[in-house]
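[1] can't give you the sequence, but here's the structure:
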C-alpha cells in the first residue's frame, strides 16, 4: 500500500447537468471528470512547464445515477504511468458511494510535430507522487 | 458479412463544441455520440413501446482530433445483443476517416423497480435488424 | 430602502465554461444565471406548489470578462412583480465587482392550456419577501 | 427597403439542447445564436483581418418554445452600426414562425490594451453590406 491519497474535491452539480431523464447526463459526467482532473493537475503539476495533453481514450462505468441536489465529491488519482502516456482514474461520489468511475489515458504531445512525446522526467516524478497503482487501489478497497 | 448497413447521418459541429485546445472537446464527443444514437434509435425502434434505456458503460478511442468547420458524419450500429443490455458502436468521421470511435452498453430498466429488465421480443427483433457483430465489422474493415 | 438582502451563493466555474477566447462564454453565463436563480427559488418558494415557470425574456450586460480560476459569487433578487410575470435580477461577481448583470422576466404558465396565469397569492407573497425594487437597488448602489 | 437579405441557415437541434422542461433550454438558445452569428460572420467578413469581437450586451425574447425534432432555421443580420460596436439581430424559426429573437451588441477590442477600438473601414464596409436597419426590418415585417 502506498501512502498516496487520492485528490479529492467537491464537485457542485448544476441543474443544467440533468437531461430529460432527470439525472446527470452521461456526457456531462465526462465534463465533471475533466474538471476534477484539471483541478488535480494544477496541484500535481505545479511548476512543471506545460505541454499539450490530450485524452487518448476513455472508459466509464455508470453504476448509480447522479442526482442534482445531492452533495457530490470527486476523487482522482494516477493509476498508470507509461512511456508517452499515463492513466487517470476518476470517481464521482454521492451518499458515500462511487456512482460513476472512469479511466482516461492522457498522452503528451509535441506541439511542433503533433505526435506523442516521452513524459519528461519532471512530469514523471510528479505522476509518481500521485500514483495509486490499480492493484494497490483494489487491495485498499478503493476500486 | 451481413447485409446490414450502419445508420449514417450528418453531424454538424458547433463552434462551441471546441474547447481551449481549438478542437472538439472530448466530453462533447459523447454528446455527439448520443445525438447519433438517438437519431438511429428513432428509426430502429419505431413503433416499439418506449422503456427507459440508460448508458451502463462507455469506452471511447480518440484517434484524431475533430475540427470545427470540417464536414462530420456519424455512423452507428448495434454491435452486441445481450439479455438485459445491448451495445451500440459509434463513429465520427472527418475527411473520410474515423476520428473517434466508441461503444456504449445500454441497459433497459423497469421503471417501477429501477432494475434491468430483459429486452422485449420486439426490441430484440429491432436490434437484430441493426446488428453488425464485432467480428463481422472487423472483417469488413469497418473497425 | 428595504431590509431585503440579495440571495448570494458561490458559483464555482468549470474549465469547460471557457470558450476559445479563454474566458467564460457568453451563453454559459446564462447557465450560471439559471443555476443561481434555481438555488434562490428553492429557498424563496419553499412549500409553494410548483407551477411551470418559463423565461419570457432576458437582457444581459457583459461588463468585464469572467475568468476561470477566480472565485465567483452570484447575487439574485426579485426586481419586479407583475400580474402573470416577475423579473429576476442576476449578478456574477469576481474580485469584488459585478462582471455580468442580467434581468430575466419569468412567466407562470397554466400547464393545462399553456398560457400565462396570474401569480398565486402564495407566490406573490414569497416574491414580495425577496423584492428589491429597481429604484431602491439603484439608490443603495446595488445597480 | 434595402435589397439586403438576412443570412439564413439550417440550425439542427440536438436532444441535449433540451432541459427538464422538454424544450430547448433558454441558455442553449444563446449558443444557437452564437453558431448562426459565427457562420454568418465567416461569410460577411471574409478576407478581413480578424480582431477580437466580444458580446457586450444581449437581449432575447422567447416567444414560443423550440422543440427538438422540428426543423429549425436561423436568420441573422446586422441591425445597427456604431463607432466601436455593431448590433446583430438573431432569429430562430420553427414551423414558419420566429420562436426566439434576440439582439447582441458586439464590440471590437484592441487586443493590446483590451479596450474598444473603432470599427476598421473594411469591417464597416462589410457590415454595411449586411445591414438591415431596424426600422426597415419593421416595415418589411421582419420584426
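    Looks like it arrived, so ask away. All values derive from a computational prediction rather than experimental measurement.

[2] what's the helix or strand for residue A:41?
    Assigning secondary structure by DSSP states H and E places residue A:41 in helix A:26-44.

[3] give the other helices and strands that that helix contacts.
    Secondary-structure packing of helix A:26-44 (3 or more Cβ pairs under 8 Å, 6 or more residues apart in numbering or on different chains; DSSP states H and E): strand A:7-10, strand A:53-62, strand A:73-81, strand A:85-94, strand A:97-110, helix A:121-129, helix B:26-44. Placement of C-beta: from N, CA and C, glycine included.

[4] how about the last one: buried residues?
    This points to helix B:26-44. B:26-37, B:39-41, B:44 (16 or more other Cβ atoms under 10 Å in any protein chain shown).

[5] ok, stretch A:124-141 next?
    By 16+ other Cβ under 10 Å, the buried positions in stretch A:124-141 come out as A:126, A:127, A:130, A:131, A:132, A:137.

[6] what's the spacing between the nearest residue to residue A:30 once chain neighbours are set aside and residue C:38?
    The shortest distance from residue A:30 to any non-neighbouring residue, by Cβ to Cβ, 6 or more residues apart in numbering or on different chains, is to residue B:27 (3.7 Å). If you measure residue B:27 against residue C:38 using Cβ to Cβ, to the nearest Å, the figure is 22 Å.

[7] what does chain A put close to chain D?
    A:15, A:16, A:18, A:19, A:20, A:22, A:25, A:27 (Cβ under 8 Å from any Cβ of the partner chain).

[8] how many neighbours does the fourth one have?
    Taking other Cβ atoms under 10 Å in any protein chain shown as the neighbour definition, residue A:19 ends up with a count of 18.

[9] hang on, isn't it packed against residue A:25?
    Yes. In this structure, residue A:19 is within contact of residue A:25 by Cβ atoms under 8 Å, at 4.0 Å.

[10] okay, and the common contacts of those two?
    Contact criterion Cβ atoms under 8 Å, 6 or more residues apart in numbering or on different chains; residues bridging residue A:19 and residue A:25 by contacting each: residue D:16.

[11] which residues touch the residue lying closest to residue A:92 once chain neighbours are set aside?
    Nearest non-adjacent residue to residue A:92, counting by Cβ to Cβ, 6+ apart: residue A:100, 4.7 Å away. Counting by Cβ under 8 Å, 6+ apart, residue A:100 touches A:29, A:60, A:61, A:62, A:63, A:64, A:66, A:90, A:91, A:92.

[12] surely the second one touches residue A:29?
    Yes. The pair residue A:60 and residue A:29 qualifies as a contact (Cβ under 8 Å) at a distance of 6.8 Å.

[13] Provide a list of residues in contact with the residue nearest the centre of chain A.
    Nearest to the geometric centre of chain A sits residue A:90, at 3.8 Å (Cα atoms, centre = their mean). Each residue near residue A:90 by Cβ under 8 Å, 6+ apart is listed here: A:33, A:36, A:37, A:74, A:75, A:76, A:100, A:101, A:102, A:103, A:104.

[14] I'd guessed the first one sits against residue A:106; true?
    Right, the one you point to is residue A:33. No. The criterion here is Cβ under 8 Å, and residue A:33 misses it with residue A:106 at 11.6 Å.

[15] follow-up on the earlier one: which of the buried residues of helix B:26-44 sits closest to residue B:113?
    Using Cβ to Cβ, residue B:41 is the member of the buried residues of helix B:26-44 that lies nearest residue B:113, at 23.2 Å.

[16] ok, now how distant is that closest one from chain D?
    Distance, residue B:41 to chain D, by Cβ to the nearest Cβ, to the nearest Å: 10 Å.

[17] where in chain A is the helix or strand with the lowest mean pLDDT?
    Within chain A, no helix or strand scores below helix A:134-139, which has a mean of 68 by mean pLDDT, DSSP states H and E.

[18] any idea of the pLDDT on residue A:4?
    For residue A:4, the model assigns a pLDDT of 88.

[19] same question for the one 10 residues further on.
    Residue A:14 is assigned a pLDDT of 98 by the prediction.

[20] how much space separates the spatially closest residue to it that is not a sequence neighbour from residue A:19?
    Distances taken as Cβ to Cβ, 6+ apart put residue C:35 closest to residue A:14, at 4.8 Å, once the chain neighbours are dropped. The gap separating residue C:35 from residue A:19 is 16 Å, by Cβ to Cβ.

[21] and if you look at residue A:101?
    20 Å.

[22] for residue A:78, same thing?
    Taking Cβ to Cβ as the measure, residue A:78 falls 31 Å from residue A:19.

[23] residue contacts, the residue nearest to residue A:14?
    With contact taken as Cβ under 8 Å, 6+ apart, residue C:35 is in contact with A:14, A:15, A:16, C:11, C:74.

[24] and chain A, which residues reach chain B?
    Looking at chain B, the residues of chain A close enough under Cβ under 8 Å from any Cβ are A:21, A:25-28, A:30-31, A:33-34, A:52, A:54-62, A:65, A:104.

[25] hang on, the earlier thing: TSV for the helices and strands packed on helix A:26-44, including mean pLDDT?
    Shown next, in TSV, are those (pLDDT from 0 to 100):
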stretch	mean pLDDT
strand A:7-10	98
strand A:53-62	96
strand A:73-81	98
strand A:85-94	98
strand A:97-110	96
helix A:121-129	96
helix B:26-44	97
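
[26] CSV please, covering those and showing distance to residue C:3.
    Shown next, in CSV, are these (distance: least, Cβ to Cβ, whole Å):
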stretch, distance to residue C:3
strand A:7-10, 32
strand A:53-62, 47
strand A:73-81, 37
strand A:85-94, 37
strand A:97-110, 42
helix A:121-129, 52
helix B:26-44, 44
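
[27] quick check: which of the ones you listed is nearest to residue B:122?
    Per Cβ to Cβ, nearest to residue B:122 of these: helix B:26-44, 11.3 Å.

[28] sorry, back to before: and the contacts of residue A:100, which is closest to chain D?
    Nearest to chain D among the contacts of residue A:100 is residue A:29, at 12.9 Å by Cβ to the nearest Cβ.

[29] so residue A:136 versus residue D:88, what's the distance?
    Between residue A:136 and residue D:88 the distance is 56 Å, computed by Cβ to Cβ.

[30] ok, residue A:6 touching residue A:76?
    Yes. Assessed by Cβ under 8 Å, residue A:6 is found in contact with residue A:76 at 6.3 Å.

[31] up against chain C, what does chain A have?
    Residues of chain A lying close to chain C (Cβ under 8 Å from any Cβ) are A:12, A:14, A:15, A:16, A:31, A:34, A:35, A:38.

[32] and these, which two are furthest apart?
    Pairwise distances across the residues of chain A next to chain C (Cβ to Cβ) peak at 22.2 Å, for the pair A:15 and A:38.

[33] now do the SS call for the residue nearest to residue A:18 when sequence neighbours are not counted.
    Computed as Cβ to Cβ, 6+ apart, the closest residue to residue A:18 that is not its neighbour in sequence is residue A:68, at 5.3 Å. In the three-state summary, residue A:68 is assigned as coil, counting by DSSP: H, G, I helix; E, B strand; the rest coil.

[34] again with the one 3 residues further on
    Three states are possible here, and by three-state DSSP the one that applies to residue A:71 is coil.

[35] got the contact list for it?
    Contact partners of residue A:71, counting by Cβ under 8 Å, 6+ apart, are A:10, A:94.

[36] can you name the helix or strand that residue A:119 falls in?
    Under the criterion DSSP H and E, no helix or strand holds residue A:119.

[37] quick one: it from residue A:60, how far?
    24 Å.

[38] before we move on, what about residue A:10?
    Distance, residue A:10 to residue A:60, using Cβ to Cβ: 21 Å.

[39] ok, the two, which is more surrounded?
    Between residue A:10 and residue A:60, residue A:60 has the larger neighbour count (other Cβ under 10 Å), namely 23 against 10.

[40] list the residues that contact the spatially closest residue to that one that is not a sequence neighbour.
    Nearest residue to residue A:60, sequence neighbours excluded (Cβ to Cβ, 6+ apart): residue A:102, at 3.8 Å. The contact partners of residue A:102, by Cβ under 8 Å, 6+ apart, come to A:29, A:30, A:33, A:58, A:59, A:60, A:61, A:89, A:90, A:91.
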